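Colleague: this is the structure alone, sequence omitted:
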């Protein structure tokens, strides 16, 4: 047995090199076969065309490099939902079919009493121009009661403009379309206002939008200027109400702004708007129906405190109940704003306004004052207190008290048998959700 084992071991040692050689040869054959298959696949892919598409030109622009696709890729989506409830101590517009005059005549958007409002559901699409892509655009789609109050024909378009950043110096910003007015501190979007209700200056003295062309040049971070031409105000009952984006009378308006930022937290804007309206909507009908608005706005932020002031000096011809039809009817006013951020969740704001309509061009011309009021004009003072609460860092709740008073009987008090009144007090709560 020992001899047999030794013989087997010797045979195994003699066979090992032969087996190893055979295994190596097999691996070489398999490797060569794989190489041939890879080369064959490469040859097929290099000549194969995509069905019904053809070859792609090597110099053709890739889909994600197309200017149109790049424009939409950079688009930012934002917006807000704005709802509220308002109650007046004058118990205005009770019953069905009450005239508008029994509401609060100096208020915008929230002039109805004991009412829930869906003020706005707004969607913003924006892609601002850059040096790499000099074309941009901005669209604001608004649905709700606010857009109908401003313009029943607007079809939900609050703003819509095209932007061109011309390669001139630091860049000349040119915008064409329907844009927000340069004038005033308050805006349509309540997410950017300090109070729930809009002020009397915003409604009675200032335009809301301008449809035309506008160019802005920034000389430095501290100084910029803007000029533009638009269709004008085209207003009917209130100067702020733009009844159409089209120009009903071919009268144009010129606008100009100078913006100064002397220090980091302070900015001052000086605005001027002048034009003419020649339709009967202004009560005149001659080419002499000119208007102008001079406006100064300033804002200063210091830690948790925000302070702002808004001054308006306006004048118009051929409107309302002015004393002499050929004379100019002046309107002037000032609003002072303040807001203090107590905590991340709580803030308190206040607004005090004074507005004088010397000849009654926009106040008493649309609301019949009772006998006993002296003069044709009116003065209005408003005080607004707003408490703001943020819920979950997104939802904004505003609780507001507002007092309106006038030297004339501009208001009605349904609580006292619809007796004319010189003022109105109201409470409101707003739920505002920006996104």
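Modeller: Now that the structure is in, tell me what you want to look at. The model shown is predicted, which means the values in this text are computed figures rather than measured ones.
Colleague: for the spatially most central residue of the chain, give me the pLDDT.
Modeller: Central residue of the chain (CA atoms, centre = their mean): residue 189, 5.4 Å from the mean position. Per-residue pLDDT puts residue 189 at 94.
Colleague: use 732 as the first number from now on
Modeller: Done: numbering now begins at 732, and the last item shifts to residue 920.
Colleague: could you pull up the residues touching it?
Modeller: Counting by CB atoms under 8 Å, 6 or more residues apart in numbering, residue 920 makes contact with 811, 851, 853. Quick note: C-beta positions are derived from backbone N, CA and C, even for glycine.
Colleague: mind doing that once more with 7 Å?
Modeller: Shown in contact with residue 920 (CB atoms under 7 Å, 6 or more residues apart in numbering): 811, 853.
Colleague: one more: residue 1126?
Modeller: Residues in contact with residue 1126, defined by CB under 7 Å, 6+ apart, are 1162, 1164.
Colleague: can you rerun that using 10 Å?
Modeller: By CB atoms under 10 Å, 6 or more residues apart in numbering, the contact set of residue 1126 is 812, 1120, 1162, 1163, 1164, 1165.
Colleague: re the thing from before, for the residue nearest to the centre of the chain, give its distance to residue 763.
Modeller: As judged by CB to CB, to the nearest Å, residue 920 and residue 763 stand 73 Å apart.
Colleague: ok, residue 1025 next?
Modeller: According to CB to CB, residue 1025 stands 91 Å off from residue 763.
Colleague: next one: residue 930
Modeller: To residue 763, residue 930 is 88 Å away according to CB to CB.
Colleague: what do you get for residue 960?
Modeller: 80 Å.
Colleague: helices of the stretch 882-1031 of the chain, start to end?
Modeller: 931-935 (DSSP state H, counting those that start in this stretch).
Colleague: sketch out the low-pLDDT regions of it for me.
Modeller: Low-confidence regions of the stretch 882-1031 of the chain, defined by pLDDT under 70, span residues 883-885, 965-981, 1008-1020.
Colleague: about what we covered before: who's more crowded, residue 960 and residue 763?
Modeller: Here residue 960 and residue 763 are compared on neighbour count by other CB atoms under 10 Å; more neighbours surround residue 960, at 15 against 10.
Colleague: name the member of the contacts of residue 1126 with the most neighbours.
Modeller: With neighbours taken as other CB under 10 Å, the top of the contacts of residue 1126 is residue 1163, carrying 23 neighbours.
Colleague: tell me how far the residue nearest to it when sequence neighbours are not counted lies from residue 1116.
Modeller: Leaving aside its chain neighbours, residue 1163 sits nearest to residue 1127 (4.3 Å; criterion: CB to CB, 6 or more residues apart in numbering). The gap separating residue 1127 from residue 1116 is 16 Å, by CB to CB.
Colleague: between the two, which is the more surrounded one?
Modeller: Higher neighbour count among residue 1127 and residue 1116: residue 1127, with 20 against 14, using other CB under 10 Å.
Colleague: show me what contacts that one?
Modeller: Here residue 1127 is in contact with 811, 813, 921-922, 927, 1078, 1119-1121, 1161-1165 (CB under 10 Å, 6+ apart).
Colleague: next, it: phi, psi?
Modeller: When read as degrees, to the nearest 10, the backbone of residue 1127 gives phi -110, psi 120.
Colleague: what about the closest residue to residue 1021 other than its chain neighbours, how many neighbours?
Modeller: Once flanking residues are discounted, residue 1021 sits nearest to residue 1007: 4.5 Å by CB to CB, 6+ apart. The number of residues packed near residue 1007 is 23, by other CB under 10 Å.
Colleague: isn't residue 1007 right up against residue 962?
Modeller: No: shown here, residue 1007 and residue 962 do not form a contact pair, counting by CB atoms under 10 Å, at 11.6 Å.
Colleague: can you tell me which of the contacts of residue 1127 is closest to residue 1091?
Modeller: Nearest to residue 1091 among the contacts of residue 1127, counting by CB to CB, is residue 927 at 28.3 Å.
Colleague: distance-wise, check that closest one relative to residue 1157.
Modeller: From residue 927 across to residue 1157, the span is 10 Å (CB to CB).
Colleague: next one: residue 956
Modeller: 40 Å.
Colleague: between these two, which one's more packed in?
Modeller: Per other CB under 10 Å, whichever of residue 956 and residue 1157 has more neighbours is residue 1157, with 22 against 15.
Colleague: so what's that one up against?
Modeller: By CB under 10 Å, 6+ apart, the residues touching residue 1157 are 817-821, 823, 835, 838, 841-842, 844, 928, 1115, 1131-1135.
Colleague: pull the distance from the helix or strand where it lies to the chain's centre.
Modeller: Under the criterion of DSSP states H and E, residue 1157 resides in strand 1154-1165. In terms of CA atoms, centre = their mean, to the nearest Å, the centre of strand 1154-1165 is set 20 Å apart from its chain centre.
Colleague: kindly report the same for stretch 1077-1097.
Modeller: The chain centre lies 23 Å from the centre of stretch 1077-1097; the measure is CA atoms, centre = their mean.
Colleague: list the buried residues for it?
Modeller: 1078, 1080, 1082, 1084, 1086-1097 (16 or more other CB atoms under 10 Å).
Colleague: equivalent analysis for stretch 835-853, please.
Modeller: For stretch 835-853, a neighbour-count test (16+ other CB under 10 Å) marks 835-844, 846, 848, 850-853 as buried.
Colleague: out of these, the closest to residue 805 would be?
Modeller: Within these, the smallest distance to residue 805 is 20.5 Å, found for residue 853 (CB to CB).
Colleague: go ahead and confirm the closest one touches residue 871.
Modeller: Yes: applying CB under 10 Å, one finds residue 853 in contact with residue 871, separated by 6.3 Å.
Colleague: intersection of neighbour lists for those two?
Modeller: 809, 810, 878, 887, 889, 890, 919, 920.
Colleague: those residues, buried ones only, as a ChimeraX selection?
Modeller: Only the buried entries of these go into this ChimeraX selection, using 16+ other CB under 10 Å:
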select :810,878,889,890,919,920
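Colleague: how about residue 1032: what's its closest non-neighbour residue?
Modeller: Nearest to residue 1032 is residue 996, by CB to CB, 6+ apart, at 4.6 Å.
Colleague: brilliant, that's me finished.
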